[in-house]
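Participant: Mind folding the following:
(2 chains)
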Protein chains: 2
Amino acid sequence: MQDLCSVGKRIPKIDAVDKATGRAQYIQDLKLPGMLCGKILYSKFPHARIAKMDTSRAKALPGVRAVITGEDIPEIKMGVYKDNRPLKAGKVRSYRDEVAAVAAVDLETAAEALKLIEVIYEPLPAIFDPEEAMQEGAALVHEEHKTNVLRMPWKLHYGDVAAARKKSAYVVEERFSTTWVTHCCMGTSGAIAEFDPANNLTIYTNTQIPSLAQKDFLGALKSMGLKDRRVRVIKPCIGGGFGSKLDTYAYEYIAILLSYYTRRPVKVEFDRAEEFIATSTRQPTIARISQGCDKKGKLLFRDISMILDNGAYTSWGATTPSVMMMPITSLYRVPNVRYEAKCVYTNNTYSQAMRGYGNPQATFAIESTMDMLAEKAGIDPIQFRRINANKSGDVSPQDLRITTCGLEGCMDSVKTTLEWDQPKKKGEGVGMASLIHVGGGARVYKSDGCGTIVKMDDFGKVDLFTGATDMGQGADTIVAQIVAEELGLQVDDIHVIHSDTDVCPWDVGAHASRTTFIAGNAALGAARKIRARLLELGAKQLEAPLEKLVLRDRCIVDKDDPQKRIHFSHGGQMLMAEYFYDPTNENMGKDFKGNMSMTYTFGSHGVRVKVDEETGKIKILNYVAAHDVGKAINPMLLEGQVYGGVMMGIGYALTEQVVLEKGENMNPNFRDYKILTAKDVVPIEAPVLETYDEDGPYGAKGIGEPGCVPTAPAVANAVYDAVGVRIKDLPLTPEKVLAALREKKGLDLCGQELGNEDADACIIEE
Amino acid sequence: MQDLCSVGKRIPKIDAVDKATGRAQYIQDLKLPGMLCGKILYSKFPHARIAKMDTSRAKALPGVRAVITGEDIPEIKMGVYKDNRPLKAGKVRSYRDEVAAVAAVDLETAAEALKLIEVIYEPLPAIFDPEEAMQEGAALVHEEHKTNVLRMPWKLHYGDVAAARKKSAYVVEERFSTTWVTHCCMGTSGAIAEFDPANNLTIYTNTQIPSLAQKDFLGALKSMGLKDRRVRVIKPCIGGGFGSKLDTYAYEYIAILLSYYTRRPVKVEFDRAEEFIATSTRQPTIARISQGCDKKGKLLFRDISMILDNGAYTSWGATTPSVMMMPITSLYRVPNVRYEAKCVYTNNTYSQAMRGYGNPQATFAIESTMDMLAEKAGIDPIQFRRINANKSGDVSPQDLRITTCGLEGCMDSVKTTLEWDQPKKKGEGVGMASLIHVGGGARVYKSDGCGTIVKMDDFGKVDLFTGATDMGQGADTIVAQIVAEELGLQVDDIHVIHSDTDVCPWDVGAHASRTTFIAGNAALGAARKIRARLLELGAKQLEAPLEKLVLRDRCIVDKDDPQKRIHFSHGGQMLMAEYFYDPTNENMGKDFKGNMSMTYTFGSHGVRVKVDEETGKIKILNYVAAHDVGKAINPMLLEGQVYGGVMMGIGYALTEQVVLEKGENMNPNFRDYKILTAKDVVPIEAPVLETYDEDGPYGAKGIGEPGCVPTAPAVANAVYDAVGVRIKDLPLTPEKVLAALREKKGLDLCGQELGNEDADACIIEE
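Facilitator: Residues are numbered from 1 along each chain as shown, chains lettered A, B, ... in the order given. Modelled structure (predicted):
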């Protein structure tokens, strides 16, 4: 691990200059010859029958090239459950439902044409609350399913929870809830579809799953009667993903259909309001949790049931219970666990993957109650967690096999950095929470693999084709560093190609914080093949034994006699190597058990807050996010990931919220959504613990998501520490804090003693 | 060799639809954001000192972004001898010399700016005839060289020519000459250069040598002070090459320099006149040849000396004597050979590679004298050639090792197809000529290799990255057929990527008819790796022994039980393989010997002509071009290559000519150049002989160039057969035929008896 030249260094992102100078090409920048603009008409009701559609006036508008509705198109099914279509026919189930689309010569004409489409709806009773939706007789979102509860029976029971509950000295039992938040990618969604004369499709699209998107689009072509065609997915520069781009969406299929009908390239691009309204959110959840421990503070059981608001259709959001299971079964040692989760259809917007993938919601419940239990047991919260900390070699109730585990070290780091034991001023408090997350891939498909091709040209420069998707997190830089390190090159000798399924190898997608680990290992495997061939060539040319040679400074060098060296040059004998890395992690079994990841990332976050008891406002004084990352391939990018994650977590904790009123988005803009901005950034420290995981590239584990996982409970715990109120519903708005403070003092919101029936009249707004 | 599904089939070019529908992107179609137009100012004299240049008025013109001259730019040396620079400083040596260049916002402004550049020349004595240029005291084109004769001593002596001459029963001794012709690519030359902020260069350029061009441009960057940068060469769709794009040219470096100075993409694109004036030609040659045979017609010696007009600078044209050597030493068995060639600087345009690479000029002399010798010996020309025919297993005086050889079969084919022995009408004649050419690569660089990467996606579709360059000859289709055949796929399952040095492996370039053989073998090697892995996977999944499995119909099939089959699908386990094929052929030694190619292509052309004795016009009645191609991977494309080659050869034989008057191009357009057009196409038959060369992919040899190699002598021999006059100077214009006919009859051009001193007054023009 010594003498590293690229790995472990604070190397700027390789695409930084392009992005800073405006050279980077986002979907917004792309324009193909003859390209048309596509635009989508959305539903005017949350639940309604479509009685009539008339597109004739729209079609007659000069400049309009195609108008399509759900009646016109082939049966293309979308989403995890195939319960969605690009354009709805018969009925709409949410305000977000796509009912028609137009392709026109420009955006203005397309928008004008949308206004000319006449749709007559017959409104249906709608349902917006998942608990209500579960009740007998509730309006059905999908009648054919007979129930609003999805048939995905997430359920796991390990040990004997009932017995453990009886044996527990202390038990807490609580209800926690979270609401909609969304990814807020700086680059809005968009796609350009184009057919060649043989009906092969090229689609330029913001996606985190180029290979699986290719598969989805091939399916669509088949539905369109186009068999055995090719689909090429080209990713432009992606302005943020965070899970939002893990599925294929109506707008992409609409671009495909419009392009097919018009024989022209068609672009569909979202504006910011559309991005808020028509892309997916994190799942709102209701968690009922109880945990118990013995007198010494040893956890005896954990029992959680989750209800998720699925919205009207099913995307990957419905599978987040699988990842919730991970902290529920495996964050801290817990010998008896019961868990079940239900996803429930409503007429709200539908949810998707979002950074943490269910883990933040589960960890909010777990880590809030960990503090409550510690208090009951009279043990310091950190000490309480240390008693129960995971350790290397553990196998958790879900069969997760913990290899490296730096959890205790992270807690120590938080304790020290935050000066945990120092006296606090009035209104100040400290809180902490920990996390476990997949750090070595997560098998959700037949393959969890990634391919890499490395070729070194005649001048010692490398082209690296990776399956990995860089959506801003710096994946390209990481794989370049690994290859540079292996080959004795500098990072700018490595050109990373990652944008084109015709060129790049297969990869399951940028999810589960898997890219550094999986794509890193794939790059490592390919680079090592090249390395071996270089050393072989060097041994011949330098007439030196192989084991005396190293690759350094773009040369093959005799380490005993460093003047004896040759620069990489092969005289037309280009070196190429390919490698496909698919880890040996496991798919979940029918019992929902299995070692889904090769390794797990741990971390502890600590936060010092000051709560203004007059306004309920929470001020974050400083924040520590310590992670066991195995090895920091690039500490600067790693810190960037942590900073970004923490700020996303703080937004989740304090301010962010998609406000849906009866299914309708009331705040489709950054200001009303209350996204944190540069001026809201808090002081964050990000200590790094390196445990050198033997399966990771140079020992690294994934760190993409963890930054936002335990943030909300850490803040909630600190607020409790500061002012003695526990908020169990995110976000922790000043209103909720103030209400809790007043409730604690026996006052209502208006400062009156409780009992006043008129409280509604004086809601405090921030 | 049986049961082939793709190889051997008449499959249309895979880019045919794109080309026919206008989707193919030529350099003319490319436009980058912010792109400027570059334009070049050429010399006004064939040889002059540049006394003064003033660019101030051009620079002041609104819209002009840069004006550069030879004085402004770093020392970048170009060409095989490095005797050329992108912009000339001090003096000009031909009308084609680039003296200044402009980058402006549009073409009109650039053209206007050129007019505002003031250049004052001091004319120098110029030299246009290579024989004069060789004389003591001739004006020197490059003073520093002290002589106009290039220091490239092409010389070979095998056996004892003097002794053999004495022993010969019959000897002929003649002088043959050829003039300038040019490639006439339908797509004119052009390049776009662009620098990124780190000064890495991307250049879009029409080139046949992407890897070597990359090397040249890297050298230029180094001269510009840009070390360790990257160069990416992207080939647009190329509208014909024929050797013209085997070098890098001033216009490409000018685009690079203008882009570097302006920090903008800059395109330099030739118009048709510029294409005629400022691109290179085939070498004009003067051949002095004698050949002798014994009484039975067995060749005893061949003695040739060649003088080539090199023009003012040196490109690959100067190395064509190395390929001339091949027919001179190895076309027919000849036990004693002497050969020397001299390339001579003149103030004419400089020459380049052109289809056949010297072979047509040498074969014109050889095959014309073969007929003359046959006549002297009283032997039928075909029989005479059969006596001397090459045979499999021969090693020629140049050490060429003949593996497969179908020469006699080709002669038979000509004889039969042309009804050689049938009585002829008056004015009709038949003629034939044969050829040998490299058919298995030609080592001119350290490597004669080509790399290929094959990846098969999850849906059984293949992306194939080849180093090969398709400039219209169909290389992409050929490699796709080979890979399809190996993998049981159809050609449209194969997507060929060949246009980008960042993606495609190394290749020495599209020259020497090497692509089918070399790139075909490279593709075969990579495909076989994939094949092996598919069969392995199939054996596991079908539980069948490996040897019972075949790849067919996009499936792995049990050949004994064809219902037992699985479609290619790997569940995210993409298959990738790379292969670099570098043949074991040899670089020429210092004695100019060496087996430069793995195998040799043979062919015989026969032609029936009718000569109008009144006008001197030659009409081609029918033409047979029979080739031993090893194996026709795609008979349709092969025929296309032969048809095109033959028409190019007929143009060379009869009409085409770049007319230079004191170095100045007098006919820079298709009409005056007299290129043959669709209406001039003659009936051509192209019988194919398959000898299945064991080194070739599926037995194939190269066939790109041969079509135009023996055409001129075949026509000249037929003209002699028809009307008894032998034309020894190309092209065989009606004027020359008529003059020869009249000379033969003892008349001058005006029909007067010879002796009339006033003949100049009545030149006949067509």
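Participant: Just the buried residues of stretch A:421-428, please?
Facilitator: A:E428 (16 or more other C-beta atoms under 10 Å in any protein chain shown). To be clear about C-beta, it is placed using only N, CA and C from the backbone, and glycine gets the same treatment.
Participant: Contacts only, for A:G696.
Facilitator: A:G439, A:G440, A:T516, A:F517, A:G520, A:N521, A:M598, A:T599, A:G630, A:K631 (C-beta atoms under 8 Å, 6 or more residues apart in numbering or on different chains).
Participant: Look up the pLDDT of it for me, please.
Facilitator: Note on A:G696: pLDDT of 97.
Participant: now A:D3
Facilitator: On the pLDDT scale, A:D3 gets 84.
Participant: go on, A:G409?
Facilitator: If you check A:G409, the pLDDT there is 98.
Participant: That one: neighbour count?
Facilitator: Neighbours of A:G409 under the rule other C-beta atoms under 10 Å in any protein chain shown: 19.
Participant: next one: the one 10 residues further on
Facilitator: As a burial measure, the neighbour count of A:E419 was computed by other C-beta under 10 Å and equals 13.
Participant: for it, what are its contacts?
Facilitator: Per C-beta under 8 Å, 6+ apart, neighbours of A:E419: none.
Participant: and it, how far is that from B:V395?
Facilitator: The gap separating A:E419 from B:V395 is 88 Å, by C-beta to C-beta, to the nearest Å.
Participant: and the strand or helix carrying A:E131, average pLDDT?
Facilitator: Taking DSSP states H and E as the definition, one finds A:E131 inside helix A:130-133. What helix A:130-133 shows for mean pLDDT is 98.
Participant: buried stuff in it?
Facilitator: For helix A:130-133, the buried set under the neighbour-count rule, 16+ other C-beta under 10 Å, comprises A:P130, A:A133.
Participant: For whichever helix or strand comes after that helix, which helices and strands make contact with it?
Facilitator: Following helix A:130-133 in sequence order, the next helix or strand is strand A:154-158 (DSSP H and E). Under the contact criterion of 3 or more C-beta pairs under 8 Å, 6 or more residues apart in numbering or on different chains; DSSP states H and E, strand A:154-158 touches helix A:320-330, strand A:337-345.
Participant: how long is stretch A:156-165 from one end to the other?
Facilitator: 17 Å (C-alpha to C-alpha, to the nearest Å).
Participant: for the record, mean pLDDT for it?
Facilitator: On average, stretch A:156-165 scores 97.
Participant: looking at the helices and strands packed on strand A:154-158, which is closest to B:E656?
Facilitator: Comparing those against B:E656 with C-beta to C-beta, the closest turns out to be helix A:320-330 (72.4 Å).
Participant: Can I get that closest one as PDB, trimmed to CA atoms?
Facilitator: Output of helix A:320-330 as PDB, limited to C-alpha atoms (Å, rounded to 0.1, in the frame of the first residue of the first chain):
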ATOM      1  CA  THR A 320     -36.500  -0.200  -1.100                       C
ATOM      2  CA  PRO A 321     -37.800  -2.500   1.700                       C
ATOM      3  CA  SER A 322     -35.100  -4.900   0.600                       C
ATOM      4  CA  VAL A 323     -32.500  -2.400   1.600                       C
ATOM      5  CA  MET A 324     -34.300  -1.200   4.700                       C
ATOM      6  CA  MET A 325     -33.900  -4.700   5.800                       C
ATOM      7  CA  MET A 326     -30.200  -4.200   6.000                       C
ATOM      8  CA  PRO A 327     -30.000  -1.600   8.800                       C
ATOM      9  CA  ILE A 328     -33.100  -3.200  10.400                       C
ATOM     10  CA  THR A 329     -31.300  -6.600  10.700                       C
ATOM     11  CA  SER A 330     -27.700  -5.600  10.700                       C
END
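Participant: what comes into contact with that helix?
Facilitator: By C-beta under 8 Å, 6+ apart, the surrounding residues in contact with helix A:320-330 are A:152, A:154, A:156, A:158, A:283, A:302, A:304, A:306, A:308, A:337, A:339, A:341, A:343, A:353, A:356-359, A:361-363, A:366, A:390, A:396-398, A:400, A:402, A:435-438, A:442, A:444, A:512, A:588, A:592, A:596, A:600, A:709.
Participant: rerun at 6 Å
Facilitator: A:154, A:283, A:304, A:337, A:339, A:341, A:357-359, A:362-363, A:366, A:396-398, A:400, A:436 (C-beta atoms under 6 Å, 6 or more residues apart in numbering or on different chains).
Participant: could you check the angle strand A:154-158 makes with it?
Facilitator: 10 degrees (axes from the mean of the first three to the mean of the last three C-alpha atoms, to 10 degrees).
Participant: buried ones in stretch A:571-587?
Facilitator: Result for stretch A:571-587 [16+ other C-beta under 10 Å]: buried residues A:572-583, A:585-586.
Participant: These also near chain B: which ones?
Facilitator: A:G572, A:Q573, A:M574, A:M576, A:E578 (C-beta under 6 Å from any C-beta of the partner chain).
Participant: I'd like the residues you listed laid out as JSON lines, including pLDDT and secondary structure.
Facilitator: Converted to JSON lines, those look like this (pLDDT from 0 to 100; DSSP: H, G, I helix; E, B strand; the rest coil):
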{"residue": "A:G572", "pLDDT": "74", "secondary structure": "coil"}
{"residue": "A:Q573", "pLDDT": "74", "secondary structure": "coil"}
{"residue": "A:M574", "pLDDT": "81", "secondary structure": "coil"}
{"residue": "A:M576", "pLDDT": "93", "secondary structure": "strand"}
{"residue": "A:E578", "pLDDT": "94", "secondary structure": "strand"}
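Participant: which one among the residues you listed gets closest to chain B?
Facilitator: Each of these was scored against chain B by C-beta to the nearest C-beta, and A:G572 proved nearest at 2.6 Å.
Participant: from what I can see the closest one touches B:K446, true?
Facilitator: Yes: with contact defined as C-beta atoms under 6 Å, A:G572 reaches B:K446; the gap is 5.2 Å.
Participant: Grab the nearest non-local neighbour of whichever residue of the stretch 51-200 of chain A sits closest to chain B.
Facilitator: Nearest residue of the stretch 51-200 of chain A to chain B (C-beta to the nearest C-beta) works out as A:P197 at 4.7 Å. For A:P197, ignoring the flanking residues on the chain, the nearest one in space by C-beta to C-beta, 6 or more residues apart in numbering or on different chains is B:V17 at 4.7 Å.
Participant: quick one: which helix or strand includes that neighbour?
Facilitator: With DSSP H and E as criterion, B:V17 is part of helix B:16-21.
Participant: Please report the number of neighbouring residues for A:F195.
Facilitator: That count, for A:F195 with other C-beta under 10 Å as the rule, works out to 22.
Participant: before we move on, what about A:T21?
Facilitator: 10.
Participant: Relative to chain B, how far out is it?
Facilitator: To chain B, A:T21 is 6 Å away according to C-beta to the nearest C-beta, to the nearest Å.
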